[in-house]
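Participant: Kindly generate the corresponding structure for this input.
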Amino acid sequence: MPAVSKGDGMRGLAVFISDIRNCKSKEAEIKRINKELANIRSKFKGDKALDGYSKKKYVCKLLFIFLLGHDIDFGHMEAVNLLSSNKYTEKQIGYLFISVLVNSTSELIRLINNGVKNDLTSRNPTFMCLALHCIANVGSREMGEAFAADIPRILVAGDSMDSVKQSAALCLLRLYKASPDLVPMGEWTARVVHLLNDQHMGVVTAAVSLITCLCKKNPEDFKTCVSLAVSRLSRIVSSASTDLQDYTYYFVPAPWLSVKLLRLLQCYAPPEDAAVKGRLVECLETVLNKAQEPPKSKKVQHSNAKNAVLFETISLIIHYDSEPNLLVRACNQLGQFLQHRETNLRYLALESMCTLASSEFSHEAVKTHIDTVINALKTERDVSVRQRAADLLYAMCDRSNAKQIVSEMLRYLETADYAIREEIVLKVAILAEKYAVDYSWYVDTILNLIRIAGDYVSEEVWYRVLQIVTNRDDVQGYAAKTVFEALQAPACHENMVKVGGYILGEFGNLIAGDPRSSPPVQFSLLHSKFHLCSVATRALLLSTYIKFINLFPETKATIQAVLRAGSQLRNADVELQQRAVEYLTLSSIASTDVLATVLEEMPPFPERESSILAKLKRKKGPGAASTLDDGRREPGPGGDVNGGVEPAPSAGSTPSPSADLLGLRAAPPPAAPPAPPSAGSLLVDVFSDSLGPSPEEAFLSELEPPAPESPRALLADQAPAADPAAEDPGIPIPEADGLLNKFVCKNNGVLFENALLQIGVKSEFRQNLGRMYLFYGNKTSVQFQNFCATVTHPGDLQTQLVVQTKQVPGQVDGGAQVQQVLNIECLRDFLMPPLLTVRFRYGGTPQAFTLKLPVTINKFFQPTEMAAQDFFQRWKQLSLPQQEAQKIFQANHPMDSEVTKAKLLGFGSALLDNVDPNPENYVGAGIVQTKALQVGCLLRLEPNAQAQMYRLTLRTSKESVSRHLCELLAEQF
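Facilitator: Take a look at the predicted model:
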């Protein structure tokens, strides 16, 4: 900017400001301001024309008075006149006054536009910058309409100064945010993207901000920015702090630009070009490496800049979720911050690890920090950090650590801040139910929950424990005994009374043989709580009493006396009065058989899904989606993580009450021993974007295989199977095979993504049956019309695989997501996957593409545990040449043992320890389940780290299965 001359000091303004500051009272200040306003008004209305300096001085005084909080109703025209001055300081004050005092609906906008237009066409870079700043500050639609076409031209013009380009980019960004329809890029798109290669770092920084905003609406138009952004990021990351001297901040080269570039890359999927992707991975590794280097400065600005780049890098790694080594390294790096002395770093580390815990590649690495996270939950002084620690424990929980995590969260609940207690209660309830193998532990946990934080235990939670107890014969006696003991506490929460009333009313007979819990003792214990409870609880207890008359006839007289009491028959509450009258009459006139029929034990609850997780999402707010909705894959037996499939119970068991972990959509039960809302299925995806499939779609309703006489039980009430001849699916897209290979060892993830559409997959398989959820997300702001997704069977696949689909809505709104459910049955082994064809119209243009549905034969692979002797015996039995398939191949990925184990478990086999004489080798076993037959499979993977090669050997009872499984698995390494 031009230097301000000594004569521009405006002594009169300085004197006025000094007078204002010296005022002793508000009245004195107002008096001085009124005097000055009168003087300025007389000067503006006087006959003598004012020179530019005087106008500037008086306009400045008016601006100062406005900033003090006083209204200004004149001087606007004088400010507009200053725009025509050729002096920088006068023009600057004019623009400043307009930016602050002139609103977007002012009548002066047209005059201002003329002055702005003159400066934009003046080719004076200083004046052009002032004009662009004014447009951005005012940001009115009228200004946008006047200059939206000129600003892109100035931005990409070859003769524009760097400072003008920066201002133009930021001005265009402001107009786009205010009125997106006024900024048609069109012909300018490629040239704006090319600004990422500009020599001036300031221009690049401004351009990245603009492109990041523009590409969110039109990602396909700006897709070329990915390679340029990677190139620029690579140059920054690999440069020394002296190379970018003007843009180095405390020894960190261009930290703000680096962060902006990393955020821009998060708008797109990983680069498809191998060279670009390799260069980007190298950049990310370099940032992680630099984070390990000792700091070059002890000042906080250095660590802040360095950590800003690091955390944005980790966010990009998490966004891609495709590089196992980077994900594990990112997790380890975050783990170092968990004990950092800086509170903000600990908070950010916990928040980022919550997202990492949802990745199949980094979940195990996150779990290694469990002790540190538990310690943070106990010792952190900042409540927000403790809350993030609780979120991370919830995210990292799986079957191996569920009891430890639930125990620690219960312990924390006793001293937790009141603001987050309800959320902690919901999380404990979800985890306890989800990973309950021993249901007595689940009952103990929920009763502890009620004891510790009864006021925060919602109805959904205690309804759920009643459902589980009702549906499981093996836990009913234990539940009755435990709740009876809990009710003996002097101070007992009302929710405990509700649970106790229901369970003792249904199953009190199971503990009645013990003199310490005889029927009279049970009744006396419950009735001692009666007068302390609310009306709803007392109504429930009255229903329990009538149940007691059926279960324990010896208590009939005592209970009838209670019902006959005036406090019941003439109760002011009509519900209690009606129950007392009806129950007394029923117990008096009904025969024993009628009474037993009316008051028989509650039947098992039908399969439904719960609202506990939905309640948790509502509690967390809209931002919870990134943490709660991100499903995780099951790595295999023993390594189940959230969202994994539970083991099936034995054939004779009652319907699994854990079958929902999280469900309960029904209304609250009536006060008669409450008929709690119904149970759902453990296979309900707790991290789904919605409450999950509807009850009639409950997958494997009791977690048991279908009865032999109904082999298609899972497929009932669904839409007709996909018709292979219904419509020509077209040729699969070139990358279809690569996308399919990504899902061989995992069940959940993003199947396909382009600028318009994202297709996500969540699937579950049990024996020869499967269910898949496809999520179609509209990434644009424009509605998709005529949306259609069909599944077809190439070749003979129709005789080998049945896929039944539900139709999706024909319109998908901008930014919305729709779900499609597919039910799958494997009839016999197959080689080709089904094809998924998606068709829709976007902006009047038809779009269509065909993908390979991620259904491969190994999805029906059930792991089998075997002793070493049994394995070798079976290995020798499968010794025919056609039963063996072997492949020796070069490693395409780093040979990491943990990643290899995760892939083999994800493939479906059980890993057998201490079988192979060479501990470096991997041995697995499993059975491919089809409707027609079962195919046993043994595999052996021999890595050679020195040669970077593998030898894979598979033996099955069927030649085609051996070859196909060998080909599928070899592609993963």
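Participant: List the buried residues of the host helix or strand of E485.
Facilitator: For E485, the element it lies in under DSSP states H and E is helix 473-487. Residues of helix 473-487 classed as buried: V475, Q476, Y478, A479, A480, K481, T482, V483, F484, A486, L487 (neighbour count, 16 or more other CB atoms under 10 Å). For the C-beta atoms, the positions are set from N, CA and C on the backbone; glycine is no exception.
Participant: can you pull the contacts of the first one?
Facilitator: What it means is V475. Y439, S440, Y442, V443, I468, V469 (CB atoms under 8 Å, 6 or more residues apart in numbering).
Participant: Distance-wise, check E422 relative to A305.
Facilitator: 39 Å (CB to CB, to the nearest Å).
Participant: more crowded one of those two?
Facilitator: The residue with more neighbours, out of E422 and A305, is A305; 23 against 18, by other CB atoms under 10 Å.
Participant: if I read this right, the more buried one contacts Y250, doesn't it?
Facilitator: Yes: in this structure, A305 is within contact of Y250 by CB atoms under 8 Å, at 5.8 Å.
Participant: Quick check: next helix or strand after the helix holding E485?
Facilitator: Following helix 473-487 toward the C-terminus (DSSP H and E): helix 494-507.
Participant: Of the buried residues of helix 473-487, which pair is most distant in space?
Facilitator: Spanning the widest gap among the buried residues of helix 473-487 are V475 and L487, at 17.8 Å by CB to CB.
Participant: May I ask you to confirm that L904 is in contact with N921?
Facilitator: No: counting by CB under 8 Å, N921 is not a contact partner of L904; they are 11.4 Å apart.
Participant: Tell me where the stretch 501-650 of the chain has helices.
Facilitator: 519-530, 535-551, 556-564, 566-569, 574-589, 592-598, 612-620, 625-628 (DSSP state H, counting those that start in this stretch).
Participant: Please identify the helix or strand for the nearest residue to W875 once chain neighbours are set aside.
Facilitator: Distances taken as CB to CB, 6 or more residues apart in numbering place L938 nearest to W875, at 5.6 Å, with adjacent residues excluded. Using DSSP H and E, L938 maps to strand 934-944.
Participant: cool, and Q807?
Facilitator: Per DSSP H and E, there is no helix or strand for Q807.
Participant: just to revisit the earlier point, more neighbours, L904 and N921?
Facilitator: With neighbours defined as other CB under 10 Å, L904 and N921 compare such that L904 has more, 24 against 13.
Participant: how close does the more buried one sit to L50?
Facilitator: Relative to L50, L904 is positioned 86 Å away (CB to CB).
Participant: that older thread, tell me the buried residues within the contacts of V475.
Facilitator: Y439, Y442, V443, I468, V469.
Participant: Present these as a markdown table; the columns should include distance to N741.
Facilitator: Listed next are the buried ones among the contacts of V475 as a markdown table, based on distance: CB to CB, whole Å:
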| residue | distance to N741 |
| --- | --- |
| Y439 | 40 |
| Y442 | 39 |
| V443 | 45 |
| I468 | 40 |
| V469 | 46 |
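Participant: I'd like those as a markdown table, with distance to L449, secondary structure and pLDDT appended.
Facilitator: Formatted as a markdown table, the buried ones among the contacts of V475 follow (distance: CB to CB, whole Å; DSSP: H, G, I helix; E, B strand; the rest coil; pLDDT from 0 to 100):
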| residue | distance to L449 | secondary structure | pLDDT |
| --- | --- | --- | --- |
| Y439 | 15 | helix | 85 |
| Y442 | 11 | helix | 89 |
| V443 | 11 | helix | 91 |
| I468 | 14 | helix | 86 |
| V469 | 15 | helix | 89 |
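Participant: Check those and tell me the two furthest apart.
Facilitator: The distance between the two most remote of the buried ones among the contacts of V475 (CB to CB) is 9.4 Å, for Y442 and V469.
Participant: between the buried residues of helix 473-487, which is closest to F361?
Facilitator: V475 (36.7 Å).
Participant: Relative to E78, how far out is the closest one?
Facilitator: The gap separating V475 from E78 is 85 Å, by CB to CB.
Participant: Could you do Q877 as well?
Facilitator: Relative to E78, Q877 is positioned 101 Å away (CB to CB).
Participant: ok, back up a step: hey, least reliable of the helices of the stretch 501-650 of the chain by pLDDT?
Facilitator: Lowest mean pLDDT within those: helix 625-628, a mean of 46.
Participant: still on that earlier bit, nearest to L912 among the buried residues of helix 473-487?
Facilitator: Within the buried residues of helix 473-487, the smallest distance to L912 is 33.2 Å, found for V475 (CB to CB).
Participant: can you list the domains in this protein?
Facilitator: Listed domain ranges for the chain are 8-76, 102-222, 375-598, 734-855, 858-971 (source: the TED database).
Participant: what is the mean pLDDT for the first one?
Facilitator: When the per-residue pLDDT values of domain 8-76 are averaged, the result is 88.
Participant: Can you show me the helices along the stretch 851-973 of the chain?
Facilitator: Using DSSP H, counting those that start in this stretch, helices in the stretch 851-973 of the chain cover 868-877, 897-907, 959-970.
Participant: I'd like to know which of those is closest to L599.
Facilitator: helix 897-907 (49.8 Å).
Participant: Could you tell me the angle between that closest one and helix 959-970?
Facilitator: 140 degrees (axes from the mean of the first three to the mean of the last three CA atoms, to 10 degrees).
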